[in-house]
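**Q** sequence first, predicted coordinates after that:
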Amino acid sequence: MFNQAQIQEFKEAFNMIDQNRDGYIDKEDLLEMMTSLGKDPSNEYLEKMITEAPGPINFTMFLTLFGEKLNGTDPEDVIQNAFACFDVNDSGLINDEFLKECLMTMGERWSEDMVEDLFHGAPIHNGLFDYKEFTRTLKHGSRDKEDDQVPSIPPEELAFKPNTST
């Protein structure tokens, strides 16, 4: 995940934050560090930072947390929940043309090339984007083709409905 030079930089940062030098970063360490930087964080803010870790923040946990943040991906359930907003039947499938339209017309609009890059190699069967499988692959890598199972849902239930509002 990190090379030796990066690990050394993280170790230096960890040691700067671990003000009491007990080998763990706690709320008091964060408060002292942020105060030294001229910040006045609330207790709630500090608590939220500490509870992002699933356990005590030693150097290994510190590296793990940074790895997750720097990796740039959200947890699997967060990604699935984002796709689920477009899954009207709660089937795990989204009409690929509908998803393409949404990606190109809502929020931070994607270009057609960006959508094509996303769809390249994505689990799309009979015009249906399997976002649960896509998310699983994104987070854990691809699985054997023998395991592929395409749910059977009548096409009329997943029909593409173009956006007619302007």
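**A** That came through fine. Numbers count the residues shown, from 1 in each chain.
**Q** strands of this protein, start to end?
**A** 93-95, 124-125, 128-130 (DSSP state E).
**Q** how about CSV for these, with mean pLDDT added?
**A** Converted to CSV, the strands of the chain look like this (pLDDT from 0 to 100):
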stretch, mean pLDDT
strand 93-95, 94
strand 124-125, 94
strand 128-130, 95
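**Q** now Pro41. Nearest residue, chain neighbours left out?
**A** Met34 (5.0 Å; Cβ to Cβ, 6 or more residues apart in numbering). Heads up, the C-betas are built off the backbone N, CA and C, glycines and all.
**Q** ugh, wrong one, I meant Leu128
**A** Setting aside the residues directly before and after it, Leu128 is nearest to Leu93 in space (Cβ to Cβ, 6+ apart), at 4.2 Å.
**Q** from Leu37, how far out is the one you found?
**A** 48 Å (Cβ to Cβ, to the nearest Å).
**Q** which residues does the residue lying closest to Ile57 once chain neighbours are set aside contact?
**A** The shortest distance from Ile57 to any residue that is not its chain neighbour, by Cβ to Cβ, 6+ apart, is 4.2 Å, and that residue is Ile25. With Cβ atoms under 8 Å, 6 or more residues apart in numbering as the criterion, the residues that contact Ile25 are 14, 17-18, 57, 62.
**Q** mind doing that once more with 6 Å?
**A** Applying Cβ atoms under 6 Å, 6 or more residues apart in numbering, one finds that Ile25 lies in contact with 17-18, 57.
**Q** all helices of this structure, in order?
**A** Secondary structure of the chain, counting by DSSP state H: helices at 4-17, 27-36, 43-51, 59-71, 76-84, 96-105, 112-119, 131-140.
**Q** quick check: buried residues in the third one?
**A** Judged by neighbour count (16 or more other Cβ atoms under 10 Å), helix 43-51 contains these buried residues: Leu46.
**Q** again, but for the longest one
**A** Neighbour-count burial for helix 4-17, counted by 16+ other Cβ under 10 Å, picks out 10, 14, 17.
**Q** what packs against that helix?
**A** Helices and strands in packing contact with helix 4-17 are listed as helix 59-71; criterion 3 or more Cβ pairs under 6 Å, 6 or more residues apart in numbering; DSSP states H and E.
**Q** and this structure, what are its domains?
**A** As recorded under automatic domain parsing, the domains making up the chain are 4-71, 76-158.
**Q** which of these has the lowest mean pLDDT?
**A** Set side by side, these differ in mean pLDDT, and domain 76-158 is lowest with a mean of 80.
**Q** residue most distant from the centroid, the chain?
**A** Distance from the C-alpha centroid of the chain peaks at Asn20, with 32.9 Å (Cα atoms, centre = their mean).
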